[in-house]
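J.: What shape does this take:
(2 chains)
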Amino acid sequence: MNSNIDSFEEKLRKIKAAPPSAKLMARLQRTLPQEIKAPGQTRLETPEHWNWRMIFLRIATPLAASVLIILAVKHYLPGLTVSPGGIVSAPAQVAELQIRPVETVDCILGARKIGTYQAPNGNPYQVVQCVGLNRQVWENMKDGRRAARTTPRQQVLLISMNAI
Amino acid sequence: MENSTSSHEWRKWLDEYASRLLLFARQQSRNAADAEDLLQEAMVEVWNRVNHHELPPLALVYTTIRRRAIDQARREDRRRKREEASAGTDGLWFDTGLMDNETCKLVETGMKALPEIYGEVVTLKIWGELTFDEIAGVLDIPANTAASRYRYGLEALRKNLKDVIL
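T.: Residues are numbered from 1 along each chain as shown, chains lettered A, B, ... in the order given. Just a heads-up that it's a prediction; the model follows:
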């Protein structure tokens, strides 16, 4: 009996776990703290009337699969400041904490594009304003996981917003 | 002086362990998409908890996956309808590049048929390559319990798969 079990165990070991998809590997790769730092400084120009309840900066990366979103939520990030001219700044460490990889961005449904931002290193950002997101969505997003499931329509929205 | 874990080291670590961690995440969650979220979520949490100069301890990652899976299960009811609507196809647990598709599917079915307390120990032992002491730490059970669950689980799986593998 024991030899049967040993033999069975050996045969099971020859079966290997399925490898993760390239997309998942990219997501995991970006969980490394150094990988999720801001590519540029956290400073952008915004309209004066900007509602700071919740703001996302979208970083357009060379890889289509690379979707990074900076969440800058004034309510949760008291370090953010907005000058009368609409210049927004945040401490660098805040940016490092807040940039998280996300797979889908269905939570920006209802968002509107309010500007673009060219980082000092040349990376283009798209700035969108989001409304109606609750704290739970924020908690999900800052941990880098999907806030909700994605529908095809939302995917289209994501793609169109990527093209800046 | 920069001695944090490098991107290259991290990639190597992922190449070595991501597939086995994903298998455990799949076992702990309802579908492939949830498993991927679970794994990513666990990695983010682990990085927040460990010294960035060292690669994360494997046992801690398994433990975190399991704890987050419990949280995920609590949220499950609220999300079930949405998930079922968007579930689609679920990927296989095992690598069909090394073993035929049918065998992989049958082993996966056999694993899913095991009681959870046996299945998770078998997964951690066979594919996670953890010791019983490490498994005990991940599951928060005595090592002897882990060992006996492994024996029971393996025997049950062997019966399930007698026409497939033996």
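
J.: I'd like to know how many residues surround B:Asp71.
T.: Using other Cβ atoms under 10 Å in any protein chain shown, B:Asp71 has 11 neighbouring residues. (Each C-beta comes from the backbone N, C-alpha and C, glycine too.)

J.: Look up the pLDDT of residue 36 for me, please.
T.: Using chain A here. You'll see A:Ile36 listed with a pLDDT of 44.

J.: That was the other one, I meant chain B.
T.: 83.

J.: I figured it was touching B:Ala25, is that so?
T.: Yes. B:Glu36 lies in contact with B:Ala25 (Cβ atoms under 8 Å); the separation is 7.4 Å.

J.: Between those two, point out the one with more neighbours.
T.: Neighbours per residue (other Cβ under 10 Å) separate B:Glu36 from B:Ala25, with B:Ala25 holding more: 28 against 24.

J.: List the residues that contact the more buried one.
T.: By Cβ atoms under 8 Å, 6 or more residues apart in numbering or on different chains, the contact list for B:Ala25 reads B:Ala35, B:Glu36, B:Leu38, B:Leu39, B:Ala42, B:Ile65, B:Ala69.

J.: Might you report the residue contacts of the second one?
T.: In this case it means B:Glu36. By Cβ under 8 Å, 6+ apart, the neighbours of B:Glu36 are A:Pro20, A:Leu24, A:Arg27, A:Glu103, B:Leu22, B:Ala25.

J.: now, which of these lie within helices?
T.: Among the contacts of B:Glu36, the ones falling in helices (DSSP state H) are A:Leu24, A:Arg27, B:Leu22, B:Ala25.

J.: right, and the pair among those with maximum separation?
T.: A:Arg27 and B:Ala25 (12.5 Å; Cβ to Cβ).

J.: separation between the residue nearest the centre of chain B and B:Ile117?
T.: With distances taken as Cα atoms, centre = their mean, the residue of chain B nearest its centroid is B:Phe24 (0.6 Å). The gap separating B:Phe24 from B:Ile117 is 14 Å, by Cβ to Cβ, to the nearest Å.

J.: Okay, now the unreliable bits of the chain?
T.: Just so you know, I chose chain A. For chain A, the stretches with pLDDT under 70 are A:1-2, A:30, A:33-164.

J.: actually it's chain B I care about, not the one you picked
T.: In chain B, residues with pLDDT under 70: B:1-3, B:75-91, B:165-166.

J.: show me where it has helices.
T.: B:7-28, B:32-49, B:58-86, B:101-113, B:116-122, B:132-139, B:143-160.
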